[in-house]
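Student: return a 3D structure for these sequence lines:
(chains A and B)
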Amino acid sequence: MIALDIQELSKSFDSVEGRIPVLDSVSLQLQPGQSMALTGESGSGKSTLLHLAAGLEDPDAGQISIAGEALTGLGDTGRAALRRAHIGLIFQQFNLIPSLTVAANLAFQARLAGRHDPARIQTLAERLGLGELLARYPEQLSGGQQQRVAIGRCLAARPALVLADEPTGNLDEATGDSVLDLMLELTEADGVALLLVTHSPRLAARCAARVHLRAGRIGAVP
Amino acid sequence: MIRTALTALLSHWLRNPVQLAMLLAGLALATALWSGVQALNAEARAAYATAEGLLSDGGTAQIEHPSGQIDLAQFVALRRAGWQVSPVLEGRAEIGATRVTVLGIEPLTAPAGTGPTLAEPDLEGFFEGLGYAHPQTLREIGPTEMPLAPAEAVPVGTVLVDIRRAQRLLDAGLYITRMTLAQEQPQGLAPLESLAPDLRLVPPGDGAELGGLTASFHLNLTAFGLLAFAVGLFIVHSAVGLAFEQRRAMFRTLRALGLPLRHLTACLATEMVVFALIAGSAGLVLGYALAAALLPDVALTLRGLYGAPVPGALQFNPLWALAGLGMTLAGTGLAGAQALWRLWHMPPLAPARPRAWAMASRRAMRRQGLAALALAAMALGLALWGSGLLAGFALLAAVLLAAALAVPLLLALILRMAERRATTPVAEWFWADSRQNLPRLSLALMALMLALAANIGVGTMVASFRATFIDWLDLRLVAEVNVMPRNSAEAAELQAFLAPRTDAILPMQRIDATLAGQPGQVYAMKDHATFRDNWPLFAPVPDVWDRLAAGEGVLVNEQLYRRAGLRAGSDTLDLPGIGAMPVLGAYPDYGNPLAQAVLALERFNAAYPDTPIRQFAIRTSDAPALIAALQDDFGLPQGQITDQAQAKELSMAIFERTFLITRALNVLTLAVAAVALFAALVTLSGMRLAQLAPLWALGLTARELAALELGRALVLGALTLLLALPVGLALAQVLLAIINVQAFGWRLPLQLFPGDWARLGLWAMLAVLAAAALPAWRLWRRGPSQLLRVFAHER
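Tutor: From the prediction side, this is the model:
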C-alpha cells in the first residue's frame, strides 16, 4: 500500500496582488520505508505541500491519500482522525507540549492514537538517548534533545508516514546530522515513509529520493 | 528617541485592541465603583451638615427636657430671667401628599446665622405663614394650600415655618420641643438649675449627630467600594502583566537598539499614566451615573434607618472628581509597579520562555503562599484579640486577602492531583496545561474568588438577617393596631374611647437620655402578656418580667448591652433622675441606632411625670372594626392609625432598602470579576495558539480544542467557587459576629442558605461561560487558519 499518494495537487492563496498560485498540479508517491527529500527555494511551496499532506490545509484541486485512505474531501474531524492514525509530524520548532514531561510527551501521540506501548517507548527513549531525561520538561532540554523527543513522540505512535518540516533547521550541523541519522534509521527500520522538507542539499542527499519544487511545480534537481 | 520608542510600545495596543479595551474597562470600572460610593458618602455627609447647621450652626447649645417637651411657661420664665433663648417646636405632620418634619422657629430671637437667615428675604411672609422646604420636599408634597418657597439649605423632608404656624400645624398646645441658646449670654444670670431644674443644657455637638449615627453605614459602603476597586485593580494588574510578557521581545529589541532602560521605564510609566487619565475620566462619568442611580435608595435607607434627611438628587463636586482621578492614578501605579520593577531587573537579552516564566511564577507563588500564611495568622490574631470596628474590617481584609493569595496555590494542588489521576492523554494534558497557565489566570481567578466570597458572605449575612428579622418582627409587632395621638389631650380622650372597645391598651412613652455615655431613650412598658409572651430576651435574670413590673430594674436593648459591656444580674445602668438600676436582661432591637432602656410603666411615670404618650399599641380581636370606629366615631385621621400589616410592611421595606445598595455593589463586583476573567482569557487566547497548535497537528480538532478551552475556564471557575464557599461563610461569620456588633450593636446567628449558593454558582458559571465563550468561539471558527500560522511563522 502506498504510504503517500499525491495527485495533481494545486493550491493558491489570496494576497493584496490577487490570487497567487503556490502549488500547481504536483504529483508524487512515497512507498512504505522510503525516504524522500523535498527541496526548493523559499516560497516554492514546500511547506504548503507538507501542510496539505498532513491535512492541515485544504487543497484547491487534486487528491491526497495516506496509507490508502483519501484525505481530500474530509472535514476537520476526519482529517484529525487520519492524522492521529497514520501521520507523524516533526517541526523545526519541535512543538513539544511544554506542560508535560519528556515521558508524557513521548507517549502522548501513541496514546492519542490508541497504540500506546510502554516497551516501545522505553526502547525508543534508549535509542534516542533520552533515558535519563524522562522526568524533565521540554524547557529543560537542549534543542537537539527536544527534537529527539519530537522524533520519539512521532515514531512511538507507529505512523505510516512521517512528515518532517526542516527538522534540523534549528540545530547546529553536528547535532542536526545525528538527529537526521536517527530519524532515517528508525523510519527505515519500522518501514515508515518519510517526507523531509529541507533547504540543505547535503541533507537531501541522505534520502533515498529527492523532489525539487520550483515556483509550485516539480522541477529538475539542481 | 522617546517618541519612537513610545510609538513602538503603543503599537502593541493597536494590534491588540481588545486587550486595551479590557485594561481601560478594568480601570474605568474600578474608578466608577469607588468614586460612585464616595459620591454617595459625600452627598449624605453634606446633607447631615445641612441638617445640623440649620439650627445649631455647628456651635449652638440647646436646652431640652428628657420627655422632649418643654412647657411654654418655662421658656417665658427663662426669657424674663435674662436668658437669650429661642423656642423651637418640631413634630411630624401631613402636608400635601406626604408626612414631613415641621420645624417651627422664632426668627427674631433665634441665634444669628442659623435658620432665620433663610427667612430674611421675606420675613413678613414668614410671619404670615410662608414655609421653606428643599425643592425635593416641595415635589414630594405636591399641590397644597400652604404657601411654600424653595430653599436648598433646608434638609430634605423638613418644612421650616414660623413657630406659631408650627403650633397650628402640629396642634401642639402650650409647649415647645427645645430652646436654642444665643452664643453670648448676659453676665450674672440665675443658674438653669434654680430656674428650671428639670431642664438640661446640652452643649454644642453633644447630641446624637447624624454623622456619628450613620458612620458605620458609610464605613460599610466605603469597604464595599474599596473591595470593588481592588477587584478592578486585579484586571489592570493582570492586563499590564500580560502585556509585559507579550512585549518582552520588543523590550529586548528596543534595548538592543540602544534605548536606555531609564527611558524605556519612563515610556511605560507614561503609557500607564495616559491610560489612567483616559479610563479614570470615563470611570468618573460612570461613577457619577451609578451614584445618581443608587442615591434615591440610599436616601430612603438613611431616612428610614436614621431619619437622616438625604436628598435623592446628586450634586457634582469637582473635588470628588479630582480625588477619584487621584485614586485611579494611585491604583494604576500600584497595579503596574510589579511590571516596571520586573522590567528594571530584566537582563537585556532575557528570552521569552513560557515555562521559565512559569518557573519564576512558581517562586512568586511560594512567596505568595508565605504572605497568605502571614495574613491568615494576622486574621487569627485579630479574631482573638482585636476590638473595634476598624479591627473588624482589618480582620475582614486579612481573611479575604489571605484567601485570595491562597487561591492559585490551592488550585495548583488540585490540578496536580487531577493530573496524577488522569487516564487519557488529553485529560493528562488538560490538567497539566491548566496548571502551567494558572499563573497567567491567577489574578483573574483571585478577583473572581474575592467577588464570589463577598457575594456568599454578604448574601448569607443579609439572608440570615432577614430570617431573624422576620421572626423578630412577628414577635415585636404583636399589637393589632397602633394609634398616634397628636397631643396629651387627644391621648386622654383616646384612652377613654378605646378602653371599652379593646382587650388591652399599651401606651408608649419615652424620654431622651444619655445611657452609659451613648445617645439613647428610656421607654415605659406596661406589664402585659403581649410583652411577657412575645419579647425574646437573652441572658435574662430569673423572674425577669416580675422584677421589671416591680420596678426593680431595667431591660436594655442589645446595642446598649453589647456596646456598654453590660451583664444582666450583675451590672447596673444609670438612668436620669433615678440613678443606678439593675440590668435584668437584653432584647434584640434591630434597625435602631440608639441605646434603649425599658422601665416599668409605673416606675417611669413616677420618675418622669407628664411625659406625653406618643403612641398606643392596641390589642383587639377585631382590628378592622376598631379602625372603623376610630375613624368614624372618634374622628381620628387615617394618618394617625397604623395596623399591624402596615407596620410590618414599612419595617420590611426599610429592611430591604437597607441592603439594596449592598446587593447592587455585590452584583457589580461580580461583573467586574467576570470582566477580569474575560480580559485574561482574551489576552491569553493569543498566546495560547503556540501551545494548542501541536495538539491540533497531532490529531485534535479545533472544535475539541475550543471545547477544552471552554471546559478549562468552567473547571477553574467551579473550583474557585468551591474555594470561595468556605471563605464566604467565614466572611459572613465575621460580618455577623464582629462587624455588625461593632457597627450596629447586634449579633445574629449564622444561617445557611444552600439554595442561594446554587443560584450564585449558576450566575458565576454563566459569567465564566460568557468570559470564555469569545476566545473559545474564535478558536473554533478561525482555529485551523490561526493554528497553521504558528507553523508558518516558524520560518
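Student: show residues contacting stretch B:737-752.
Tutor: Here stretch B:737-752 makes contact (Cβ atoms under 8 Å, 6 or more residues apart in numbering or on different chains) with B:216-217, B:219-220, B:383, B:388-389, B:392-393, B:395-396, B:460-461, B:463-465, B:467-468, B:557-560, B:562-563, B:588-590, B:593, B:729, B:732-733, B:736. Quick note: C-beta positions are derived from backbone N, CA and C, even for glycine.
Student: can you check stretch B:448-457 too?
Tutor: Outside of stretch B:448-457, the residues within contact range by Cβ under 8 Å, 6+ apart are B:224, B:227, B:230-231, B:234, B:400, B:403-404, B:407, B:666, B:669-670, B:672-674, B:676-677, B:717, B:720-721, B:723-725, B:727-732, B:734-735, B:757, B:760, B:764, B:768.
Student: could you do stretch A:211-218 as well?
Tutor: By Cβ under 8 Å, 6+ apart, stretch A:211-218 touches A:21-28, A:36-41, A:44-46, A:49, A:219-222.
Student: can you select the buried ones among the residues you listed for me in PyMOL?
Tutor: PyMOL command restricting the contacts of stretch A:211-218 to the buried ones, with burial defined by 16 or more other Cβ atoms under 10 Å in any protein chain shown:
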select buried, chain A and resi 22+23+24+26+28+36+37+38+39+40+44+45+46+49
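Student: out of the contacts of stretch B:737-752, list just those in helices.
Tutor: B:216-217, B:219-220, B:383, B:389, B:392-393, B:395-396, B:460-461, B:463-465, B:467-468, B:558-560, B:562-563, B:729, B:732-733 (DSSP state H).
Student: give me the neighbour count for the closest residue to chain A within the stretch 151-300 of chain B.
Tutor: Using Cβ to the nearest Cβ, the single residue of the stretch 151-300 of chain B nearest to chain A is residue B:245, 14.5 Å away. When neighbours are counted by other Cβ atoms under 10 Å in any protein chain shown, residue B:245 registers 17.
Student: name the helix or strand for it, please.
Tutor: helix B:215-246 (DSSP states H and E).
Student: any idea of the mean pLDDT for that helix?
Tutor: For helix B:215-246, the mean per-residue pLDDT is 73.
Student: first-to-last residue distance for stretch A:66-84?
Tutor: 12 Å (Cα to Cα, to the nearest Å).
Student: close to chain B, is it?
Tutor: Yes - interface with chain B: stretch A:66-84 contributes A:76, A:77, A:80, A:81, A:83, A:84 (Cβ under 8 Å from any Cβ of the partner chain).
Student: okay, which residue is most central for chain A?
Tutor: In chain A, the residue lying closest to the centroid (Cα atoms, centre = their mean) is residue A:163, at 1.6 Å.
Student: list the contacts for that residue?
Tutor: Per Cβ under 8 Å, 6+ apart, neighbours of residue A:163: A:50, A:53, A:54, A:87, A:88, A:89, A:90, A:195, A:197.
Student: rerun at 6 Å
Tutor: A:50, A:53, A:54, A:89, A:195 (Cβ atoms under 6 Å, 6 or more residues apart in numbering or on different chains).
Student: any chance of JSON lines for these, columns neighbour count and secondary structure?
Tutor: Output for the contacts of residue A:163, formatted as JSON lines (neighbours: other Cβ atoms under 10 Å in any protein chain shown; DSSP: H, G, I helix; E, B strand; the rest coil):
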{"residue": "A:50", "neighbour count": "22", "secondary structure": "helix"}
{"residue": "A:53", "neighbour count": "25", "secondary structure": "helix"}
{"residue": "A:54", "neighbour count": "24", "secondary structure": "helix"}
{"residue": "A:89", "neighbour count": "27", "secondary structure": "strand"}
{"residue": "A:195", "neighbour count": "27", "secondary structure": "strand"}
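Student: name the residues of chain A found near chain B, please.
Tutor: When proximity is defined as Cβ under 6 Å from any Cβ of the partner chain, chain A approaches chain B at A:56, A:76-77, A:80, A:83-84, A:89, A:92-93, A:95, A:98-100, A:108-109, A:111-112, A:137, A:139.
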